[in-house]
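In: Take this sequence and fold it.
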Amino acid sequence: MRLGQVIGKVVATQKETSLSGTRLLVIQPLDHSRKHVGRPLIAADVVSSGQAETVYWVSAREAPNALPSGHGPVDAAIVGIADRIDV
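Out: The predicted structure follows:
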């Protein structure tokens, strides 16, 4: 799992059927000290996260497993909300 921050949302007028009801959000990957790393990406949100929240996200083969259907065409998925981080 990796850290990220929600920075926006995606409005899709049409989606793959397996993504029906799933929100798509734009997240900025973060390092352990909450500094931006890399480029923003789009992730399926399965935990109802909100704008500017720090989230946990997964990518690659783990991402579709996070969807309610257990499969779908996603490269990244938000799987948790970080309420507090102690380093």
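In: Geometric centre of this structure: which residue is closest?
Out: In the chain, the C-alpha nearest the mean C-alpha coordinate belongs to I78, at 3.0 Å (Cα atoms, centre = their mean).
In: how about the strands in this structure?
Out: With strands called from DSSP state E, the chain shows them at 2-10, 23-30, 41-45, 54-59, 76-81.
In: Tabulate those strands in TSV, adding columns for distance to E16 and mean pLDDT.
Out: Any C-beta I mention is one placed from the backbone N, CA and C, and that applies to glycine too. Converted to TSV, those look like this (distance: least, Cβ to Cβ, whole Å; pLDDT from 0 to 100):
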stretch	distance to E16	mean pLDDT
strand 2-10	13	98
strand 23-30	11	98
strand 41-45	11	98
strand 54-59	18	98
strand 76-81	14	98
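In: Present those as JSON lines; the columns should include distance to G70.
Out: Compiled in JSON lines, those are given as follows (distance: least, Cβ to Cβ, whole Å):
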{"stretch": "strand 2-10", "distance to G70": "21"}
{"stretch": "strand 23-30", "distance to G70": "18"}
{"stretch": "strand 41-45", "distance to G70": "12"}
{"stretch": "strand 54-59", "distance to G70": "14"}
{"stretch": "strand 76-81", "distance to G70": "12"}
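In: which one of the ones you listed lies closest to V87?
Out: strand 2-10 (11.1 Å; Cβ to Cβ).
In: The closest one pairs with which strands?
Out: If you go by DSSP bridges, strand 2-10 pairs up with strand 23-30 (antiparallel), strand 54-59 (antiparallel).
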